[in-house]
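Colleague: Could you look at this predicted model? Sequence included:
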Amino acid sequence: MRNSGILGDLTIQDSIERYIKVIEKGLLKVFAKMGISTLRSYRGSQIFEAIGLNNEFIDEYFTDTPTRIGGIGIEDVAKETLLRHNFAYCSAGVERNESNAYGINSLEKNNERHSLNPKAIRLLQQATRENSKDIFKKFTEEINFKEEKPTNLRDLFDFKNVDSISLEQVESASEIVKRFVTGAMSFGSISIEAHEIIATAMNRIGAKSNSGEGGESRDRFTIDENGDNRGSATKQVASGRFGVTAEYLVNAKELQIKIAQSAKPGEGGHLPGYKVDVEIARTRNSIPNIGLISPPPHHDIYSIEDLAQLIFDLKSINPTARINVKLVSEVGVGTIATGVAKGHADAILISGSGGGTGAAPLSSLKSAGIPWEIGLSESQQALVLNNLRGRVRLQVDGQIRTGRDVAIAALLGAEEFGFATIPMVVLGCIMDRNCHKNTCPVGIATQCPELRKRFKGRADYLVNYFYLLAEDLREIMEKLGFRTIDEMIGKVEYLQTRKEIRHSKAKKLELDSILHVVKSEGKAIKNVEAQNHHIDCVLDQKIINDAKQAIDNKIPTRLNNKIKSVNRAFGTMLSGVIAKKYGNVGLPNDTIFLSLFGSAGQSLGAFLSKGITIELFGDSNDYVGKGLSGGKIIIRPPEGSIFDASKNSIIGNVALYGATSGEAYFSGTAGERFAIRNSGASVVVESVGDHACEYMTG
């Protein structure tokens, strides 16, 4: 390339160095996504899953790689390779370039089919603005299965012929819409206008919107004069902990722990610096114009036990909230889901590859993640087999758009259904695919004041969409003989593979594993019981009672208590009570002064509110001061100890993860991953282990 002039004035040495740098960056990105630390671990690791390749092909060329739905073989691969070659060297005089090759990324006429094409978008927006059932039916006809070009695995499913019932016997649309949720789109990735309208619409119909991992301003936690509620019912707790404070957590009906992201598994969120204006920086406890990247989740959640602790922490600060854990559709997600259920999650979201953020780079979107149909069916089957399904609700999302999509998801095991791209389209999105550039032409995925003026979305449009969708679903339920969605959940026997599939590759898929009916033998196939979070007798219950005067009247109170390692998340439930009453303002400093003696359990002072001081004479386990929200933590050796405090550990790992404000003083050394994502707490410690103070903002 150098000798032919393609590289201009670059020397051969510079060219080689640049090439090596690019290869290294690509490898490092994949390593990081997969949690791989060394090249040696990457070689032979077989971290891939095959989608649509048959067993003979896999056994010969990709031995032991998982492949769950069968598909094409070596002959088909050869045929497609030759077709691409002929296309590239076509002599018909047609101009070829990268942009119009197949239309995989952007719509190109007569090439790759896009379900959300201009016609479908136009019909959807017209239907929801006019609240027209007839136009919505045209939209579903345009977007549902096309015989010649199936785009989703569910396109290859069909409903079995069964005895129908009358439409009047089917539960009302007003009940069905309560099962709908919107995806985790943060304030920052989209404008405040779009973010608030989504929340307003979902609250009007008794459904749930999701804050995403960007926090929310406190003025949204109260009801507006007109009766609308602009606050997201579901508030997300991601690895970035952006805007996660005690006040944020107590103002939620559901708290969602984000383990992974469907559009780009293994990667966290990324908000470019040019989208971080003053208001977003304030909400996220960061600095304007500085890009925000979520760290890998393993800093904080290294195992199912770590996840179980975070579930306990969140349930402690907001006992009335449902705890939801977001997983992505991938091989083995069923095993993970069983662990999450054992960790006492109330709900589990299985997120598919079909949706996700519009701001993700193409290298993250393509060949990453798998369809929700595979992950949902695997999770349902694993949970039923392990007799855990009754303890959790299952959610699913990933380009669910029509009543047919919802019906299939319910039959495969989902109780609730998520929507993200489609609400954006309803509110005016035209799929311009410039979300990450801050140049959204319709004022949705931008923070530019001038572009935001173009936003024409209204909450009424979104309400209309969900009711039209529910009516579309009711007609399917009528034909299948189901009176309620509750009757549908997990009834996979009502699905079958389409008998006539023309598409040459699609007809080779083997979908039996998805449609497999587990012998439940009396085991629950849907959520029938509540999880026991074991928070009824925590030590905080006693402290809340003893400190009643301090909480209600701000009268200074000093309490002494012994503490043991079984006392987890001490101070967290108390913080929730104070945050609910006073917000992040809290109480005056040291209003509640708690002197403790002994060895504290995990998450001492997690999300500790302002006005609470914990002084521990002894030592503590992991996660001290997690999410510290204005409180004060002091840990010192027991009185009379003779060891050198500066050379001995006094707290464990991952202290002060995601702290936003407050103070902490540790007379001793700390473990690994200290004060990661600290965005405002002041801390004194003798020494720390590896990876301390990473990803800090503010």
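Modeller: Noted; the coordinates are in hand.
Colleague: now the strands: where do they sit in the stretch 201-350 of the chain?
Modeller: For the stretch 201-350 of the chain, the strands defined by DSSP state E, counting those that start in this stretch cover 208-210, 234-237, 254-258, 270-271, 292-293, 322-328, 347-351.
Colleague: Point out the other helices and strands that the fourth one packs with.
Modeller: In this structure, strand 270-271 makes packing contacts with strand 292-293, judged by 3 or more C-beta pairs under 8 Å, 6 or more residues apart in numbering; DSSP states H and E. The way it works is simple: take the backbone N, C-alpha and C, and place the C-beta from them, glycine included.
Colleague: Sheet-wise, list the partners of the strand it packs on with their directions.
Modeller: strand 270-271 (antiparallel) (DSSP bridges).
Colleague: Quickly, which of the strands of the stretch 201-350 of the chain bottoms out on average pLDDT?
Modeller: Within these, confidence is poorest for strand 270-271, with a mean of 86 (mean pLDDT).
Colleague: Helices of the stretch 51-200 of the chain, start to end?
Modeller: When assigned using DSSP state H, counting those that start in this stretch, the helices of the stretch 51-200 of the chain occupy the ranges 55-61, 74-88, 118-130, 133-143, 173-176, 192-204.
Colleague: looking at these, which is buried most?
Modeller: The highest average neighbour count among the helices of the stretch 51-200 of the chain, using mean count of other C-beta atoms under 10 Å, belongs to helix 192-204 at a mean of 23.
Colleague: Regarding the nearest residue to Pro295 once chain neighbours are set aside, what is its secondary structure?
Modeller: Once flanking residues are discounted, Pro295 sits nearest to Tyr695: 4.7 Å by C-beta to C-beta, 6 or more residues apart in numbering. The assignment at Tyr695 comes out as coil when based on DSSP: H, G, I helix; E, B strand; the rest coil.
Colleague: Who does the residue lying closest to Ile69 once chain neighbours are set aside form a beta bridge with?
Modeller: Nearest non-adjacent residue to Ile69, counting by C-beta to C-beta, 6+ apart: Leu509, 5.2 Å away. Counting by DSSP bridges, Leu509 forms beta bridges with Gly70.
Colleague: For Leu509, grab the count of nearby residues.
Modeller: Residues near Leu509, counting by other C-beta atoms under 10 Å, number 21.
Colleague: ok, the residue nearest to Pro295 - how many residues close by?
Modeller: By the measure other C-beta under 10 Å, the count of residues near Tyr695 is 22.
Colleague: wait, isn't it in contact with Gly291?
Modeller: No - if you go by C-beta atoms under 8 Å, Tyr695 and Gly291 don't touch, sitting 11.4 Å apart.
Colleague: which intervals of the stretch 101-250 of the chain have sub-threshold pLDDT?
Modeller: Counting by pLDDT under 70, the stretch 101-250 of the chain has low-confidence residues at 101, 146-148.
Colleague: The chain now?
Modeller: Short version for the chain, where the test is pLDDT under 70: 91-101, 146-148, 263, 265-266, 355-363.
Colleague: hang on, the earlier thing: indicate which one of the helices of the stretch 51-200 of the chain is closest to Ile336.
Modeller: The minimum distance between Ile336 and the helices of the stretch 51-200 of the chain falls on helix 55-61, with 23.0 Å, by C-beta to C-beta.
Colleague: How about Ser37, nearest residue that isn't a chain neighbour?
Modeller: Per C-beta to C-beta, 6+ apart, closest to Ser37 is Phe31, 7.1 Å.
Colleague: The one you found belongs to a strand?
Modeller: No - applying three-state DSSP, one finds Phe31 to be helix, outside a strand.
Colleague: Quick check: the gap between it and Ile47.
Modeller: Using C-beta to C-beta, to the nearest Å, one obtains 10 Å as the distance from Phe31 to Ile47.
Colleague: Please apply the same query to Gly243.
Modeller: 33 Å.
Colleague: Likewise for Phe570?
Modeller: Using C-beta to C-beta, Phe570 is found at 40 Å from Ile47.
Colleague: Looking at those two, which has the bigger crowd around it?
Modeller: Applying other C-beta under 10 Å to Phe570 and Ile47 shows that Phe570 carries more neighbours, namely 27 against 16.
Colleague: my read: that one touches Gly605, true?
Modeller: Yes - taking C-beta under 8 Å as the definition, Phe570 is a contact partner of Gly605 at 7.0 Å.
Colleague: Now do the shared contacts for the two.
Modeller: Ile614 (C-beta atoms under 8 Å, 6 or more residues apart in numbering).
Colleague: so Leu123 makes contact with Ile135?
Modeller: Yes - counting by C-beta under 8 Å, Leu123 touches Ile135, with 5.9 Å between them.
Colleague: follow-up on the earlier one: got the strands of the stretch 201-350 of the chain as CSV, with distance to Glu478 columns?
Modeller: What follows is these, written out as CSV (distance: least, C-beta to C-beta, whole Å):
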stretch, distance to Glu478
strand 208-210, 26
strand 234-237, 31
strand 254-258, 31
strand 270-271, 44
strand 292-293, 47
strand 322-328, 31
strand 347-351, 27
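Colleague: Tell me which of these approaches Ala670 most closely.
Modeller: strand 234-237 (22.7 Å).
Colleague: In terms of secondary structure, what does that closest one contact?
Modeller: strand 180-184, strand 208-210, helix 246-250, strand 254-258.
Colleague: Which one, of the helices of the stretch 51-200 of the chain, ends up nearest to Thr591?
Modeller: Short answer: helix 192-204, nearest of the helices of the stretch 51-200 of the chain by C-beta to C-beta, at 33.2 Å.
Colleague: quick check, distance from that closest one to the centre of its chain.
Modeller: 18 Å (C-alpha atoms, centre = their mean, to the nearest Å).
Colleague: just stretch 437-446 next, same as before
Modeller: Centroid separation for stretch 437-446 versus its chain: 22 Å, with C-alpha atoms, centre = their mean.
Colleague: Tell me who's in contact with Cys469.
Modeller: Check again: residue 469 is Leu, not Cys. Counting by C-beta under 8 Å, 6+ apart, Leu469 makes contact with 177, 180, 402-403, 406.
Colleague: Out of these, which comes closest to Arg43?
Modeller: Among those, and counting by C-beta to C-beta, the member closest to Arg43 is Val406, at 43.3 Å.
Colleague: and the closest one, what helix or strand is that in?
Modeller: helix 403-411 (DSSP states H and E).
Colleague: What residues of the helix or strand that comes right after that helix count as buried?
Modeller: Per DSSP H and E, the first helix or strand lying C-terminal to helix 403-411 is strand 416-419. Counting neighbours by 16 or more other C-beta atoms under 10 Å, one finds that the buried residues in strand 416-419 are 416-419.
Colleague: how far away is Leu559 from Ala606?
Modeller: Using C-beta to C-beta, one obtains 19 Å as the distance from Leu559 to Ala606.
Colleague: err, Thr557, not the other one
Modeller: 21 Å.
Colleague: quick one: Gly52 from Glu80, how far?
Modeller: For Gly52 relative to Glu80 (C-beta to C-beta), the value is 12 Å.
Colleague: Would you confirm that Lys453 contacts Gly443?
Modeller: Yes - Lys453 is within contact range of Gly443, at 6.6 Å (criterion: C-beta under 8 Å).
Colleague: Looking at these two, which is more packed in?
Modeller: Using other C-beta under 10 Å as the criterion, Lys453 and Gly443 rank with Gly443 on top: 22 against 10.
Colleague: what's near enough to touch the more buried one?
Modeller: For Gly443, the contact set (C-beta under 8 Å, 6+ apart) comprises 191, 193-194, 428, 451-456.
Colleague: and Phe48, helix, strand or coil?
Modeller: Quick answer, by three-state DSSP: Phe48 is coil.
Colleague: Contacts only, for it.
Modeller: By C-beta under 8 Å, 6+ apart, the residues touching Phe48 are 62, 65.
Colleague: ok, now how distant is it from Gly352?
Modeller: 18 Å.
Colleague: go on, Cys693?
Modeller: From Cys693 to Gly352 the distance is 36 Å (C-beta to C-beta).
Colleague: same deal with Ile555?
Modeller: 53 Å.
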